[in-house]
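Undergrad: I'd like to go over a predicted model; first the sequence, then the structure.
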Amino acid sequence: MPDSSESGTREHLRRLLSDRRAVEHSLDSLVAENRFTIAVVFPVVGAVLLLASAEGLLPEPLAFNPWLVLCGVAVMRLPLVGGLAPLLNRRAGLALGALVVYTYAIEYVGATTGLPYGEFEYVVSLGPMLLGTIPWALPLFFIPLVLNAYLLCLLTLGERARSRAVRVPVVAAMVVAIDLVLDPGAVALGFWRYEAGIFYGVPAINYAGWVLSAIVATVLIDVAFPRTALLDRIGRCEYMLDDMVSFVLLWGAINAIYGAWIPVAIAAGFAVALFQFDRFDFPAADRPF
């Protein structure tokens, strides 16, 4: 018969598992019942506030307020967090932890040496800065972009996604395409600036750096999550790519306002792909109109 310590350990594990499932269920319900608000209202309001900040239309306490920015980004990430939560285990935690470390390391090297992204500096505060150089919240900005690209590529590639030789370069290419939308919009807003740039103020070397980071990040995500488990979860979780919907609306609108039409066209391409997989199909009960 098991001793009392073994029984206590098992009971503790059962309680932990029960608590985790309760948290996952609560998060799932929260996101599912507020999809339109999270994926549409937040990015639209965010775009308005960012544009008003850049044009000097908001008072100082509100203009580019870092806590408002971080709060808005965190809310828009909830669908991705809720979608991936049931798949998180020790292996995923270690791989994602390694990706967090890589994210900080490559950004710090880039900000201090100019490699591999080109000479740049942060102009607008994105919250507390690590070593006074890069935002502590950096993984919140970068890692979800790669995850969204990875998930969308799994849907787009279908059976071809079985091959890592196909999957990794296609995901990396999509991550770079995402940055072709993100960086011009961020430069136009004044979030950061480069010494020189040929693509809406962004240098070509920046995209070479993103190829490197995208490949590293894709390989780590490959390690973190089994492809079949992700595909099954995407199929069952309608909101799992809502964060990508938010990205398209937010940065597509900002680039359109500043006349960056190539990034707008790329964002439109993402929108078409999301429509194709019914990712704009929000519940009527969640819409305010």
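TA: Cool, the structure landed. Numbers count the residues shown, from 1 in each chain.
Undergrad: give me the phi and psi angles of residue 57.
TA: The phi and psi values for residue 57, taken as degrees, to the nearest 10, are phi -100, psi -10.
Undergrad: roughly how far apart are it and residue 48?
TA: Applying CB to CB, to the nearest Å, the value for residue 57 to residue 48 is 10 Å. In short, each C-beta sits where N, CA and C put it, glycine included.
Undergrad: cool, and residue 26?
TA: To residue 48, residue 26 is 30 Å away according to CB to CB.
Undergrad: just the strands in this structure please.
TA: 120-122, 129-130, 134-135, 192-194 (DSSP state E).
Undergrad: pull up the pairing partners for the first one, direction included.
TA: Going back to what we said before, that points to strand 120-122. Paired with strand 120-122 in the same sheet, following DSSP bridges, are strand 192-194 (antiparallel).
Undergrad: quick one: average confidence on the strand it pairs with?
TA: The pLDDT scores in strand 192-194 average 95.
Undergrad: before we move on, the earlier item: which one's more surrounded, residue 26 and residue 48?
TA: Counted by other CB atoms under 10 Å, residue 26 and residue 48 do not tie: residue 48 has more neighbours, with 14 against 11.
Undergrad: mind pulling the model confidence for that one?
TA: Looking at residue 48, its pLDDT stands at 97.
Undergrad: roughly how far apart are it and residue 72?
TA: Using CB to CB, residue 48 is found at 11 Å from residue 72.
Undergrad: what does residue 235 give?
TA: To residue 72, residue 235 is 29 Å away according to CB to CB.
Undergrad: same check on residue 60?
TA: When distance is defined by CB to CB, residue 60 is 19 Å away from residue 72.
Undergrad: compare the two (neighbour count), which wins?
TA: More crowded of residue 60 and residue 72, by other CB under 10 Å: residue 72, with 19 against 8.
Undergrad: spit out the contact partners of residue 242.
TA: Taking CB atoms under 8 Å, 6 or more residues apart in numbering, we find residue 242 in contact with 31, 35, 38-39, 79-80, 279.
Undergrad: ok, now with 10 Å
TA: Contact analysis of residue 242 by CB atoms under 10 Å, 6 or more residues apart in numbering lists 31-32, 35-36, 38-40, 76-80, 82-83, 148, 274, 279-280, 282.
Undergrad: one more: residue 190?
TA: Contacts of residue 190 (CB under 10 Å, 6+ apart): 50, 53-54, 64, 123-124.
Undergrad: helices of this protein, residue ranges please.
TA: In the chain, the segments counted as helices under DSSP state H are 4-33, 35-36, 42-54, 66-84, 90-113, 138-157, 164-189, 204-224, 227-236, 242-257, 261-276.
Undergrad: out of the ones you listed, deepest packed?
TA: Among the helices of the chain, ranked by average contacts under mean count of other CB atoms under 10 Å, first place goes to helix 242-257 (a mean of 24).
Undergrad: next one: it to chain centre, how far?
TA: Here the centre of helix 242-257 is set off from its chain's centre by 12 Å, with CA atoms, centre = their mean, to the nearest Å.
Undergrad: what do you get for stretch 164-178?
TA: Computed by CA atoms, centre = their mean, the chain-centroid distance of stretch 164-178 equals 15 Å.
Undergrad: show me what stretch 173-180 is in contact with.
TA: With CB under 10 Å, 6+ apart as the contact definition, stretch 173-180 has outside contacts at 117, 142, 145-150, 152-153, 156, 186, 199-200, 202, 206-211, 213-215, 217-218, 244, 247-248, 251, 255, 260, 262-263, 265-267, 269-270, 273.
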